[in-house]
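Q: How does the following fold in three dimensions:
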Amino acid sequence: MPKAPTRAQQLASRATIDAHRHDDHQIIYAARGVLAITTDAGSWVAPANRAIWVPAGTVHAHEAHGELELHLIGLPAKDNPLRLTEPTVLSVGPLLRELILAYTRAPHDDSPERRRLRAVLLDQLRASPQEPVHLPAPTDPRLRALCHVLREDPADNRTLAELGKEIGASDRTLSRLCKADLGITFPQWRTQLRLHHALVLLADDLPVTAVAHACGWSSASAFIDVFRRTFNHTPTAFLAGRRRSASA
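A: Numbering: from 1, shown residues only. Model prediction:
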């Protein structure tokens, strides 16, 4: 497996990096735009105040939404400050953001100053809250069919019983499979899917009301409430932050 790079790079909107893996852990942070990574276990989406921790050996692919300013940090497999064994989204505060930006700038030497910078960065990672924004991928074929329907149209508001008729499974069976296969309930999975899709649409600068309806919320206020509770800021604040980053 190749070594995980430490660098900054630009990716155009909708650009992808094919599935790959590293022999190091990797911190992936988008200072601008929205980053999605996908593994066999599901997908994770991180706006600019989140980073994604990818453990060593994890096969993952990247996709950019909006013009992406990507910052990558590779850490030896022995440096796992949070003892994480699967991809995880971490909250990025102002100090950790500046540490990530500074660490990905050249020169990438082994000077005492850079070692101290890395030590502080690891300390900040240890203090970073983990964010429950993982969208797990199903393995059961009935759940895969259900999830495919909703991925095609996140605004589909049919009940689980109505969706089950289309794919040939009862709502009780699908509800049980969700908990067993995905580890969450069907309403929780559908909300996560809609939030992921909302971040992608917001990265394309769609208005908040249009995003709310495209993702299946009954009103913009309902969407704003769920978004705020999940990401600690409103969709409008997210859009404003994107525009400030783009003009910087």
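
Q: can I assume residue 32 is in contact with residue 66?
A: Yes - Residue 32 lies in contact with residue 66 (Cβ atoms under 8 Å); the separation is 7.2 Å. Where you see a C-beta, it was placed from the backbone N, CA and C, and this is true even at glycine.

Q: neighbour-wise, which of these two wins?
A: Counted by other Cβ atoms under 10 Å, residue 32 and residue 66 do not tie: residue 66 has more neighbours, with 25 against 20.

Q: For stretch 2-12, buried residues please.
A: Using 16 or more other Cβ atoms under 10 Å as the test for burial, stretch 2-12 gives 4, 6, 8, 11.

Q: for those, which one is nearest residue 107?
A: Here the nearest of the buried residues of stretch 2-12 to residue 107, counting by Cβ to Cβ, is residue 6; it sits at 11.1 Å.

Q: Check the gap between that closest one and residue 73 for me.
A: Distance, residue 6 to residue 73, by Cβ to Cβ, to the nearest Å: 5 Å.

Q: How about residue 53?
A: Going from residue 53 to residue 73 by Cβ to Cβ gives 10 Å.

Q: who touches both of the two?
A: Taking Cβ atoms under 8 Å, 6 or more residues apart in numbering as the criterion, residue 53 and residue 73 both touch 26-27.

Q: Going by contacts, tell me the helices and strands next to the helix or strand where residue 148 lies.
A: Per DSSP states H and E, residue 148 falls inside helix 141-152. Contact analysis of helix 141-152 by 3 or more Cβ pairs under 8 Å, 6 or more residues apart in numbering; DSSP states H and E lists helix 160-167, helix 171-177, helix 186-203 as its packing neighbours.

Q: Show me the contact partners of that helix.
A: 137-138, 156, 163-164, 166-169, 173-174, 177-178, 181-182, 189-190, 193.

Q: go on, stretch 210-219?
A: 154-157, 190, 194-195, 197-198, 201-202, 206, 220, 222-224, 226, 235.

Q: Try it again at 6 Å.
A: Applying Cβ atoms under 6 Å, 6 or more residues apart in numbering, the external contacts of stretch 210-219 come out as 154-155, 157, 194, 197-198, 201-202, 220, 223.

Q: Now do the helices in this structure.
A: For the chain, helices defined by DSSP state H occupy the ranges 94-103, 112-126, 141-152, 160-167, 171-177, 186-203, 208-214, 220-231, 235-247.

Q: Give me the mean pLDDT for the fourth one.
A: Confidence for helix 160-167, expressed as mean pLDDT, is 95.

Q: Could you shift the numbering so residue one becomes 40, and keep it that way?
A: Taking 40 as the first residue, the last one we looked at is helix 199-206.

Q: tell me which residues of that helix are tucked away?
A: Per 16+ other Cβ under 10 Å, helix 199-206 contains these buried residues: 199, 202-203.

Q: how close does residue 72 get to residue 139?
A: Using Cβ to Cβ, residue 72 is found at 15 Å from residue 139.

Q: count of neighbours near the residue lying closest to residue 239 once chain neighbours are set aside?
A: Of all residues not flanking residue 239 in the chain, residue 104 sits nearest, at 4.6 Å (Cβ to Cβ, 6 or more residues apart in numbering). Residues near residue 104, counting by other Cβ under 10 Å, number 23.

Q: didn't residue 104 look like it was pressed against residue 73?
A: Yes - with contact defined as Cβ atoms under 6 Å, residue 104 reaches residue 73; the gap is 4.2 Å.

Q: wait, residue 220 sits on residue 176?
A: No - counting by Cβ under 6 Å, residue 176 is not a contact partner of residue 220; they are 9.3 Å apart.

Q: pretty sure residue 68 is in contact with residue 138, am I right?
A: No - here residue 68 lies out of contact with residue 138, judged by Cβ under 6 Å, at a distance of 10.2 Å.

Q: Give me the more crowded residue out of these two.
A: Between residue 68 and residue 138, residue 68 has the larger neighbour count (other Cβ under 10 Å), namely 24 against 21.
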